[in-house]
Each structure stands twice: as structure tokens, then as C-alpha cells.
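Peer 1: Fold the stuff below for me.
(one chain, ligands or ions: 2)
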Amino acid sequence: MATITLCTTNSNPSIPRQETVGLKVWNPRDHIPETVQRHLKRPQPNYQLAFLHIIQELKVQRRTGWLDYDISECESISDHMYRMGVTCMLIQNPDVQKDKCVKIALVHDMAESLVGDITPLDPMGKKEKHRREWEAMKYICDDILAKVNPVAAREIKEDWLNYENIETLEARYVKDIDKYELLVQCFEYEQKFNGLKNFQSFFKVIDSIKTEEVRGWALALVELRDEFFASL
Ligand SMILES: Nc1nc2c(ncn2[C@H]2C[C@H](O)[C@@H](COP(=O)(O)O)O2)c(=O)[nH]1
Ligand SMILES: [Mn+2]
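Peer 2: Numbers count the residues shown, from 1 in each chain. Ligands and ions are numbered 1, 2, ... in the order given. Alright, predicted model coming up:
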């Protein structure tokens, strides 16, 4: 039974806005950036370049959570993933394979290149979001990257599923760092706008930070944030 898809906006103008088309299941092939579509029509496409053109969408798509708060010059999806990768390098727990965390961080939001950056408040709901993201990852890895580099395609898909299903301690840490990095960014924007913007509603994610180490980082951030708002 096909799912009725809702009209969803995304922050990326180069991906055609999904129109309400009745009984049509969202498919990544309907959201391929025009540059990639043109390239794939060549007699012998350079699939590595097609893959990197898709990744480019992460560099240009700004994060919806900040756009919703009218921060137009906000960070992109890849900005977020980059700092998460660097943050993974700070993990001190000797039982955690940090390099694995860095790789998971760098791919965990890769599906958003085609799906867009969906916030927890989006009416779409978790089930449809995950379905779209999984379809997008299969397309990116199996239909594009695997044509030129099946090993990398398999590794990226495995790392993405590891994160999605929190299969390992490394994935758990990256899930926590995803939330921690978000809160660091909240505090940075609150300071940038001298407290005129307040992301208090985002801070509920602290409850979903499970590892003691990252939870400690987040609580130290909250202390500084409380001090900042008390000083205004
Ligand atoms: N309006 C809100 N947006 C939120 C909240 N928590 C996260 N977000 C945003 C941040 C990103 O734009 C997006 C999801 O980020 P992922 O890294 O999980 O893909 O949602 C919130 O509480 N309110
Ligand atoms: Mn993320």
C-alpha cells in the first residue's frame, strides 16, 4: 500500500520541492540534484564525481533547526558533521575506537543530502523519516558509489546502519555527540545574539545522552549557559 506523502519543504533550493502528489511514495531518484541528473545521463558517468556532487548538497544545505529560528546564515549539515568528527577525537574512554566514531560521525547524516534535514518537530514522523533516509542511503551507496568503489560503498552503508541501530559502543558515543554538538551550537547562537535567541526547548535532548563521558561534557556546557543567562 503506497504511503501518501505530505508536502515537505526542505532547506535546499536545488532539490525540487516535493509537491503533494497523492498516492506517491517518496523516492530518492525524484530528488537527485540537477547537476547529478545531467552527469548520470552521460554515456559513461564518473560515479565517483556523481557521489561527490551528492555530498556537495550537505555543504550547501543549512540546518533546519536554526532556519526555523530565523538564523539565515547558520551552519550547514556538513559543518555539523565535521565538528562531530573532531569531537569524536576528544573521547578519552580507552574502550572506544575513536577512529570508528569519526567515520560514523562523517556519514551519519549523509542521507540528508537527498532527504533534507528533518527536525524532531516535523509532522512527517520518525517512521517515514527513517524510511526515506534508508532509501536514500541505498541509492547513494548501491546505485552510485558501488559502481566505482564497492568497498567504500559497503563501509559507508555499514557505518550508517551502525549509527541508525546503535549497534556498538562507538555508535552510542556518536549518537550522544550528535546531541552534544547540537547543544554547543545552541549556546554559540545564544551568545552570538546576546540571549535574544533562546534554545531552551532543545536542551531536553540531554536526557537522551547515555554515556557518562559525553553527559559530563553536556552538563558542563549547561553550567556555563546558566551563568551566561544569569549575567544578562
Ligand atoms: N526546532 C527544533 N529543532 C531541533 C531540535 N532538536 C534538533 N533539532 C534540529 C537540528 C537539526 O536541524 C535537525 C536534526 O538534526 P540531526 O543531527 O538529528 O539530523 O533538527 C529541537 O528540539 N527543536
Ligand atoms: Mn546529526
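Peer 1: could you list every residue that touches the most centrally placed residue in the chain?
Peer 2: Closest residue to the average C-alpha location of the chain: residue 109 at 2.9 Å, with C-alpha atoms, centre = their mean. Under the criterion of C-beta atoms under 8 Å, 6 or more residues apart in numbering, the neighbours of residue 109 are 58, 77, 80-81, 117. Every residue, glycine included, has its C-beta placed from N, CA and C.
Peer 1: Among these, which pair sits farthest apart?
Peer 2: Based on C-beta to C-beta, the longest span within the contacts of residue 109 runs between 81 and 117 and measures 11.2 Å.
Peer 1: Show me which of these two is the more surrounded one.
Peer 2: residue 117 (22 against 19; other C-beta atoms under 10 Å).
Peer 1: quick one: the more buried one from ligand 1, how far?
Peer 2: Distance, residue 117 to ligand 1, by C-beta to the nearest ligand atom, to the nearest Å: 5 Å.
Peer 1: Pull the number of nearby residues for the nearest residue to that residue once chain neighbours are set aside.
Peer 2: The shortest distance from residue 117 to any residue other than its chain neighbours is 4.4 Å, reached at residue 64 (C-beta to C-beta, 6 or more residues apart in numbering). Residues lying near residue 64 (other C-beta under 10 Å) number 20.
Peer 1: Then residue 147?
Peer 2: Residue 147 has 15 nearby residues by other C-beta under 10 Å.
Peer 1: For the closest residue to it other than its chain neighbours, give me its contacts.
Peer 2: The shortest distance from residue 147 to any residue other than its chain neighbours is 4.1 Å, reached at residue 47 (C-beta to C-beta, 6+ apart). Residues in contact with residue 47, defined by C-beta under 8 Å, 6+ apart, are 144-145, 147-148.
Peer 1: So for residue 47, what's the pLDDT?
Peer 2: pLDDT, residue 47: 98.
Peer 1: measure it to ligand 1 for me?
Peer 2: 26 Å.
Peer 1: I'd like to know which residues of the chain are adjacent to ligand 2.
Peer 2: 109, 178 (C-beta under 5 Å from the ion).
Peer 1: show me where the chain has strands.
Peer 2: Remark: no strands are assigned in the chain by DSSP state E.
Peer 1: Please, where are all the helices along it?
Peer 2: 34-40, 47-60, 64-67, 77-88, 98-107, 112-115, 126-138, 150-165, 169-192, 212-231 (DSSP state H).
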